[in-house]
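Enquirer: 3D model of this:
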Amino acid sequence: AAMAKVPEHVLKKRKAQDAIAAKKAEELAVQRKANKTARAEIYKKAKGYAKEYKDTEAQLVNMRRVAKKHNNFFMEPEPKVVFVVRIKGINAVDPKTRKILQLMRLRQINNGVFMKVNSASIMLLRLVASYVTYGPPNLKTVRELIYKRGFGSVNKQRIPI
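Expert: Purely as a prediction, here's the structure:
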């Protein structure tokens, strides 16, 4: 019952593969630990944002109540972002309006974009008002848009949500 001798190149290969497997396991453990801390940090940041939104909403409600109590009007804060949707087609669009719509990335009917509200964007919206509709988005519409049409970036690849 003599044992079969294993060739040297097979032993070398086994040893190299064991070393690679050990290194991979060690890297995986380090990566898992890093992911755990990163996840905890992301969670903490999201919790902070949620608290901030809740606080600003509570402050707005409180200011409305105070104004109503003293028989005053409460001036709602201006929205920082508007959602713009193209509602008219391409027939008989003058060149200036067409260029503005291109700048807004509204080349097709029913295309929509989020825009920051500033004096320049308000002027552009006034110029193309008959071709678009716009207004401040609410959480429900943004959520529906993202779930229906949203894409995420994973390994630099565009993946639907």
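
Enquirer: the strands in the chain, which residues?
Expert: Counting by DSSP state E, the chain has strands at residues 81-86, 112-116, 132-135, 151-154, 157-160.

Enquirer: Packing partners of the fourth one?
Expert: The helices and strands touching strand 151-154, judged by 3 or more C-beta pairs under 8 Å, 6 or more residues apart in numbering; DSSP states H and E, are strand 157-160. No exception for glycine: its C-beta is placed from N, CA and C like everyone else's.

Enquirer: Flag the shaky bits of this structure, pLDDT-wise.
Expert: Flagging of the chain using pLDDT under 70 yields the residue ranges 1-2.

Enquirer: Determine the longest helix present in it.
Expert: helix 8-69 (DSSP state H).

Enquirer: That one packs against which elements?
Expert: Looks like helix 8-69 contacts no helix or strand (3+ C-beta pairs under 8 Å, 6+ apart).

Enquirer: Pro160 touches Ser153, doesn't it?
Expert: No: between Pro160 and Ser153 there is no contact under C-beta atoms under 8 Å: 11.5 Å.

Enquirer: Any idea how far stretch 89-104 is from the middle of the chain?
Expert: 28 Å (C-alpha atoms, centre = their mean, to the nearest Å).

Enquirer: Ok, stretch 145-153 next?
Expert: Worked out by C-alpha atoms, centre = their mean, stretch 145-153 lies 8 Å from the chain centre.

Enquirer: Check stretch 152-161 too.
Expert: On C-alpha atoms, centre = their mean, the centre of stretch 152-161 falls 12 Å from that of its chain.

Enquirer: follow-up on the earlier one: okay, the strands of the chain, which one's buried deepest?
Expert: Comparing the strands of the chain by mean neighbour count (mean count of other C-beta atoms under 10 Å), strand 81-86 ranks first with a mean of 18.
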